[in-house]
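> build the 3D model from these lines:
(one chain, ligands or ions: 1)
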Amino acid sequence: MSFFKKLKDRMFRSSDKLGEGLEALVNDAPASDAAENPPPTTTPPAALPAVAPPVIPPVAAIPEPVVPPMVSPVAPPAAPPTAPQPAAKPGILGRLLGQTAPEARREFDDAMLESLEEVLIAADMGVETALRVAANIAEGRMGRRVTATEIREALAAEVARIMEPVARPMPLYPKRPQVVLVVGVNGSGKTTTIGKLASQFKAAGKSVVIAAGDTFRAAAVEQLQVWGSRAGVPVLTAPEGSDPASLAFDAMGRAQDSGADLLLIDTAGRLQNRADLMEELTKIVRVIRKKDPEAPHNTLLVLDATTGQNALAQVEIFRKLADVSGLVMTKLDGTAKGGVLVALADRFGLPIHAIGVGEQIDDLSPFDPDDFARALVGLDR
Ligand SMILES: Nc1nc2c(ncn2[C@@H]2O[C@H](COP(=O)(O)OP(=O)(O)OP(=O)(O)O)[C@@H](O)[C@H]2O)c(=O)[nH]1
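Numbering: from 1, shown residues only. Predicted structure coming up:
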């Protein structure tokens, strides 16, 4: 299965929620508009020819807008003319030819803008981002009659435009070992992500060492060992409750001695005591710098998409605890809160290196802004 298909299938909760909201924007039009949008089952007006009416190409068939990276807000491609479209169903011939009724249209007015803002906020985009995205979609459309598909396309283009600058794979340096510190709250998916990353780097011909730095949870260490053996990568462990910094130091030495390309260091995520956690992370960094003053070369913050807006607070906190260089968003499958990624990109501009859409070893993918945007709004590629 292609990753886009997997992404789209698994992000169904996010896209369903957004999609339903967007459809309702047009279909639940006020009475005056609704009168111009009779349900598709309405008998065609007598004045219409009995033969099939001209088929309006579905908007989805219009070539996908190319959104160049790093551009300022662009109005999405112009929609079809604004003249009211009779929502007549096709004639018998049309139906035989598989033609479908034209999509309902509604005038883009202030009420619709407000509803659009609400739909985006409900999709976890955050208030600020939702208002800006809705305003950009409204630009050039106010007073025009639009379809839900046009709004979906416009939203996908807006989301992709916001995500484009942050979609950057984890940088690889000509450094041995390249040290990757992985941070995040308990349960966010750190261990799983380390396993998936180790497996992908290994498959790409890199030699990898994992340090099970969450020495406080025996279960976390065991879990990492399972992932390590799946990926065929050594996992260095230390007795439960021992100093994670000392393990990190040993792991650094072992990775250097064996000429490993990458050292992935797992850490504890106990936010209950931030002072302790900060001290622990600072100490890990201090000791590995004794062996390489530039380490860690990447500090990945792993976030759980199902926490929605809470992910924003986690970024704030971890940026204070560690020098976060990039994000990995897990559990985008099965959540209706995928929109939070847009809010994260808009608010922090931190690189998003990868996304997780499942618990299997190959369920981690580089972050592709267009694929994500289209999956989020429920459009095909
Ligand atoms: N559906 C889904 N589940 C995931 C994903 N990533 C991780 N998980 C699951 O989330 C749960 C927590 O993942 P862990 O990798 O153990 O998280 P952690 O941050 O290491 O947690 P601690 O070990 O408690 O610190 C596990 O059951 C994983 O299988 C994902 O992308 N999708």
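> can you read off the pLDDT for the residue of the chain found nearest the ligand?
In the chain, the residue that lies nearest the ligand is Gly356 (2.7 Å; Cβ to the nearest ligand atom). C-beta: built from backbone N, CA, C; applies to glycine. For Gly356, the model assigns a pLDDT of 93.
> got the residue ranges for the strands in the stretch 251-381 of the chain?
Assigned by DSSP state E, counting those that start in this stretch, the stretch 251-381 of the chain shows strands spanning 262-266, 298-304, 326-330, 352-356, 364-366.
> which one of those strands lies nearest to Glu158?
Nearest to Glu158, of all the strands of the stretch 251-381 of the chain, is strand 352-356, at 16.7 Å by Cβ to Cβ.
> from the chain's centroid, how far away is the closest one?
7 Å (Cα atoms, centre = their mean, to the nearest Å).
> contacts only, for Val146.
By Cβ atoms under 8 Å, 6 or more residues apart in numbering, the contact list for Val146 reads Val26, Ala79, Arg105, Arg106, Glu107, Phe108.
> next, the closest residue to the fifth one other than its chain neighbours: phi, psi?
Counting by Cβ to Cβ, 6 or more residues apart in numbering, Glu107 lies nearest to Arg145, which is 5.3 Å off, once chain neighbours are set aside. Listed backbone geometry of Arg145 is phi -90, psi 120, with angles given as degrees, to the nearest 10.
> so what's the residue count around Arg145?
22 (other Cβ atoms under 10 Å).
> same deal with Asp9?
13.
> for it, give its distance to Asp333.
The gap separating Asp9 from Asp333 is 9 Å, by Cβ to Cβ, to the nearest Å.
> same question, Ile288
33 Å.
> residue contacts, the residue nearest to Thr237 when sequence neighbours are not counted?
Ranked by Cβ to Cβ, 6+ apart and with sequence neighbours excluded, the top spatial neighbour of Thr237 is Ala212, at 4.6 Å. Listed by Cβ under 8 Å, 6+ apart, the contact set of Ala212 reads Ala220, Val221, Leu224, Gln225, Val235, Leu236, Thr237, Ala238, Leu247, Asp266.
> rerun that using 10 Å as the cut-off
Ala212 makes contacts with 191, 194, 218, 220-225, 227-228, 235-238, 244, 247, 251, 264-267, as judged by Cβ atoms under 10 Å, 6 or more residues apart in numbering.
> considering only those residues, which also neighbour the ligand?
Checking the contacts of Ala212 against the ligand by Cβ under 6 Å from any ligand atom, the ones in range are Thr191, Ala220, Gln223.
> report all helices and strands that the one helix or strand Ala111 maps to contacts.
Here Ala111, judged by DSSP states H and E, is contained in helix 110-122. For helix 110-122, the packing partners by 3 or more Cβ pairs under 10 Å, 6 or more residues apart in numbering; DSSP states H and E come out as helix 12-27, helix 127-138, helix 148-163, helix 340-348.
> so how far is it off the chain centroid?
Distance, centroid of helix 110-122 to centroid of chain: 21 Å (Cα atoms, centre = their mean).
> and for stretch 18-32?
Centre to centre, stretch against its chain (Cα atoms, centre = their mean), the figure for stretch 18-32 is 25 Å.
> residues contacting Leu22?
115-116, 119-120, 123, 147-152, 154-155, 377-378.
> try it again with 6 Å
Ala148, Ile151, Arg152 (Cβ atoms under 6 Å, 6 or more residues apart in numbering).
> hang on, isn't the last one packed against Ala375?
No: between Arg152 and Ala375 there is no contact under Cβ atoms under 6 Å: 11.7 Å.
> so those two - more neighbours on which side?
Ala375 (28 against 22).
> and the gap between the more buried one and Leu264?
28 Å.
> over to Ile194?
Taken as Cβ to Cβ, the span from Ile194 to Leu264 is 5 Å.
> with Val357 instead?
20 Å.
> the more surrounded of these two?
Leu264 (32 against 24).
> which residues pair with that one across the strands?
Val180, Ile210 (DSSP bridges).
> who in the stretch 251-381 of the chain is up against the ligand?
So the stretch 251-381 of the chain meets the ligand at Gly269, Thr330, Lys331, Asp333, Gly334, Gly356, Val357, Gly358, Glu359, Asp363 (Cβ under 6 Å from any ligand atom).
> could you rerun that using 8 Å?
Contacts of the stretch 251-381 of the chain with the ligand, taken as Cβ under 8 Å from any ligand atom, map to 266, 268-269, 302, 304, 330-334, 355-359, 363-364.
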